[in-house]
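build me a structure from this.
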Amino acid sequence: MLEHLTKETFKQKVFNFEQNKEWKFEGDIPCMIDFYADWCQPCKIVAPVLEELAAEYKGKINIYKVNTEQEQELAALFGIKSIPSLLFVPNDAQPQMAMGALPKDSFEKAISEVLKVEKN
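As a prediction, the model looks like this:
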């Protein structure tokens with residue numbers, strides 16, 4: 001199971017937006033964040049793909065989920081208008097957003113190019 005972030009765990013593991021005005025990543029390894037809702041059909045299609053990626057990149061990236069219905073402040077912070085939206089967060093660069101239910105190879109390409117991480 002992927003870890004679901006609340007506002008509090010998001011501030012600890014990704015970005016403490018209450019303390020920092022400029023982007024400052026709090027994590028140790030790059031991450032992806034899936035902004036989703038339980039009623040969203042494309043989100044349900046992406047979920048097993050993200051589980052596979054989490055297993056394949058274990059120890060190299062973290063994959064988190066944020067329920068946009070429960071965490072409206074986080075969704076607003078990133079201007080989430082459509083779901084699923086995925087935020088790719090590299091260690092040392094600005095995060096990048098991708099929208100829609102992408103195929104697995106698109107995620108792998110973004111993990112390689114944006115997060116600079118290769119599979120084991």
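
which helix or strand contains Ala98?
Element membership for Ala98, per DSSP states H and E: strand 96-99.

distance from the helix or strand that that strand is followed by to the middle of the chain?
Using DSSP H and E, the helix or strand that follows strand 96-99 in sequence is helix 104-113. The chain centre lies 13 Å from the centre of helix 104-113; the measure is C-alpha atoms, centre = their mean, to the nearest Å.

please identify the buried residues of the longest helix anywhere in the chain?
Scanning the chain for the longest helix, with DSSP state H as the assignment, gives helix 41-56. Buried positions in helix 41-56, judged by neighbour count with 16 or more other C-beta atoms under 10 Å: Cys43, Val46, Ala47, Val49, Leu50, Leu53, Ala54. For every residue, glycine as well, the C-beta is placed using N, CA and C.

ok, now which ones touch Ala98?
Applying C-beta atoms under 8 Å, 6 or more residues apart in numbering to Ala98 gives the contacts Ser85, Leu86, Phe88, Ser106, Ala110.

and it, how far is that from Asp92?
Remark: distance between Ala98 and Asp92 (C-beta to C-beta, to the nearest Å) = 19 Å.

Ser106 too?
For Ser106, the distance to Asp92 equals 23 Å [C-beta to C-beta].

who has more neighbours out of the two?
Ser106 (14 against 7; other C-beta atoms under 10 Å).

which element, helix or strand, includes the most centrally placed residue in the chain?
The chain has Ile33 as the residue nearest its centroid, 1.1 Å off, counting by C-alpha atoms, centre = their mean. Here Ile33, judged by DSSP H and E, is contained in strand 31-36.

for that strand, output the C-alpha coordinates as PDB.
These are the backbone C-alpha positions of strand 31-36, laid out as PDB (Å, rounded to 0.1, in the frame of the first residue of the first chain):
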ATOM      1  CA  CYS A  31       9.100  11.200  -4.600                       C
ATOM      2  CA  MET A  32       5.900  11.200  -6.700                       C
ATOM      3  CA  ILE A  33       2.600  12.300  -5.300                       C
ATOM      4  CA  ASP A  34      -0.700  11.100  -6.700                       C
ATOM      5  CA  PHE A  35      -3.500  13.700  -6.100                       C
ATOM      6  CA  TYR A  36      -6.600  11.600  -6.500                       C
END
